[in-house]
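1. Sequence plus predicted model, see below.
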Amino acid sequence: MARQTVFSGIQPTGNIHIGNYLGALRNWVALQAEYDCIYCVVDLHAITVPQDPATFPADRHDAAKVLLAMGVDPTRSLLYYQSRVPQHAELSWILSTIASTGQLSRMTQFKDKADKAGSNLGLYAYPVLMAADILLFRADAVPVGEDQKQHLELTRDLAERFNARFGPEFPLPEPIIPKTGARIMSLQDPANKMSKSDPDPESRILILDDAATIQRRVKRAVTDSGGEVRYDWAAKPGISNLMEMYGLFTGASMDQIEADFGGGGYGRFKGAVAEAIIAGLAPMQQAYRALDDAEVDRLLEEGAAVARERAEPLQQAVRRRVGLAV
Ligand code: ATP
Ligand code: LTN
C-alpha cells in the first residue's frame, strides 16, 4: 500500500519555542519514519499580520534552519517556503468560493487576532489558505497542536463540500494531536498558551535559548499555591504545565514525577525541569550551529521545485473538476 501523506506548516513569525516543539514539531520529525511528509514554512500566512519586509527574509530563513536542526530531513521529506509554490494560493481562491463567511467569522484564532491586531481580508481568509495547503497534496494526516483543531474541522468541511459539488477529489484529513504537550501554557500565565507573539519574552522558552536563560525562566515560572508537585490541571495549572514539559523531555510518566518529586518542594522540581529542557535542546542547538546558510537556501529552493512539480497535476485535477482546465 502507498504510504499516507502528512502535511503541516509553521509561520515564520518569531522564534520557535518549546510549545511549538512539544505540540507539533516533535511529531513532524517522528512521522518521517513512516509517512510521506511535506512540511512548509507558511510565509503567506505570516503576512496576515504586519511583517517588516527588511527582516522577514531572515525570519523565514531562521525558521527553516530550526526545523532542519530539529531533524526535519530533506532527503526524506519535502521542506519549502509556501510562497514559492503558487498552487497554494490558486487552490485557496477556489476553496474560498465554497467557504461560508459565517463559519470563518466563528474561528477563534481569527477573533483573537482581529481583536489584537485589527482585521484584514487575509486574516479572515487564513483558514481557507490553510485548507488549501493540506488539500493541495491530498494529505491524510496533519500533525498540529490543540489550537489548530478548529481549522482542521473547517478543512474537512471544505473538502466534503468540494467533493459533494464537484466530485470525489479530496480525502478528509485527520489531525494528529499529541495526548500530552498539545497545549503548552505560558510560563507567566498558565491560563494562556505559550505563543511566539506574546509580548512578554519570559512567557516562553525558545529552542535556541541558552542554559542561563532557561534556568531563569523556569525558576520564575508562575506556580500555584502549596508546594506539592501533583498533576492536576484544575488546581495546579502552573505545576502541571511544567510536569508535562519534564515528562516529554525525559520520558517520565506523571505518576513517576509525582513519586520522585511530590513532596520535595517546587525549587528542586524546577531545577530538574530546567536541566531536562537544557539537555533536550542541546542536540538541536548544536545542529543549528553546524548548518551552512547557503546550503539551507539551496535545500529550500530544491524543496519548492519538487513541490511545484508534484502539486501541478493535482491542481490540474481540481481545475478540471471546476471547469477551469484547458
Ligand atoms: P503565534 O503566536 O504567532 O500565533 P504560535 O506560537 O501559535 O505563533 P504557530 O506557527 O501558529 O505558532 O504554530 C506552529 C505549530 O505549533 C502549530 O501546529 C501549533 O498548533 C503549535 N503550537 C503553537 N503553540 C503551541 C503551544 N503553546 N502548545 C502546543 N502546540 C503549540
Ligand atoms: N495555521 C497554522 C499554520 C499552518 C498549518 C497549515 C498547519 C498553515 N498551514 C497546514 C498545518 C497544516 C498555525 O497557525 N499554526
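-> Perfect, I can see it now. Model, not experiment: these values are computed from the prediction. Numbering: from 1, shown residues only. Ligands and ions are numbered 1, 2, ... in the order given.
2. Skip the chain neighbours and tell me the closest residue to the closest residue to ligand 1 within the stretch 51-200 of the chain.
-> In the stretch 51-200 of the chain, the residue found nearest to ligand 1 is residue 145; the distance is 2.5 Å by Cβ to the nearest ligand atom. Just so you know, the C-beta spots here come from the backbone N, C-alpha and C atoms, and that holds for glycine as well. Sequence neighbours aside, residue 23 is the residue nearest to residue 145 in space, at 3.2 Å (criterion: Cβ to Cβ, 6 or more residues apart in numbering).
3. ok, now residue 107?
-> residue 127 (5.6 Å).
4. wait, doesn't that neighbour sit right on residue 104?
-> Yes: with contact defined as Cβ atoms under 8 Å, residue 127 counts as touching residue 104 (6.5 Å).
5. more crowded one of those two?
-> residue 127 (26 against 16; other Cβ atoms under 10 Å).
6. give me the element that one is part of.
-> helix 121-136 (DSSP states H and E).
7. just how off-centre is that helix within its chain?
-> 15 Å (Cα atoms, centre = their mean, to the nearest Å).
8. anything in the helix or strand just after that helix near ligand 1?
-> Using DSSP H and E, the helix or strand that follows helix 121-136 towards the C-terminus is strand 141-143. No: Strand 141-143 is not in contact with ligand 1 by Cβ under 6 Å from any ligand atom; minimum separation 7.1 Å.
9. buried ones in the next helix or strand after strand 141-143?
-> Per DSSP H and E, the first helix or strand lying C-terminal to strand 141-143 is helix 149-166. Residues 150, 151, 152, 154, 155, 156, 157, 158, 159, 162, 166 are the ones in helix 149-166 that count as buried (16 or more other Cβ atoms under 10 Å).
10. Keep those, but drop any that are not near ligand 2.
-> residue 151.
11. so which of the buried residues of helix 149-166 comes closest to residue 55?
-> Proximity of the buried residues of helix 149-166 to residue 55 (Cβ to Cβ) peaks at residue 151, which lies at 26.8 Å.
12. pretty sure the closest one contacts residue 106?
-> No: look at residue 151 against residue 106 with Cβ under 8 Å: they stay out of range, at 11.6 Å.
13. ok, residue 226 - contacts?
-> residue 236 (Cβ atoms under 8 Å, 6 or more residues apart in numbering).
14. SS state for it?
-> coil (DSSP: H, G, I helix; E, B strand; the rest coil).
15. pLDDT value on it, please?
-> Residue 226 is assigned a predicted lDDT (pLDDT) of 86.
16. where does it fall, phi/psi-wise?
-> With angles defined as degrees, to the nearest 10, residue 226 sits at phi 80, psi 150.
17. Also residue 41?
-> phi -90, psi 110.
18. And the average pLDDT for stretch 242-251 is what?
-> 97.
19. Please see if that stretch touches ligand 1.
-> No: shown here: stretch 242-251 not in contact with ligand 1 (Cβ under 6 Å from any ligand atom), separated by at least 9.6 Å.
20. which of the residues in that stretch are buried?
-> Buried, per 16+ other Cβ under 10 Å, within stretch 242-251: 242, 243, 244, 245, 246, 247, 248, 249, 250.
21. mind checking the end-to-end distance for stretch 197-217?
-> 17 Å (Cα to Cα, to the nearest Å).
22. how far out from the middle of the chain is it?
-> Relative to its chain's centre, stretch 197-217 lies at 18 Å (Cα atoms, centre = their mean).
23. How about it and ligand 1, any contact?
-> Yes: Stretch 197-217 reaches ligand 1 (Cβ under 6 Å from any ligand atom) through residue 197.
24. Same question for stretch 43-60.
-> No: between stretch 43-60 and ligand 1, judged by Cβ under 6 Å from any ligand atom, nothing touches; the nearest distance is 7.6 Å.
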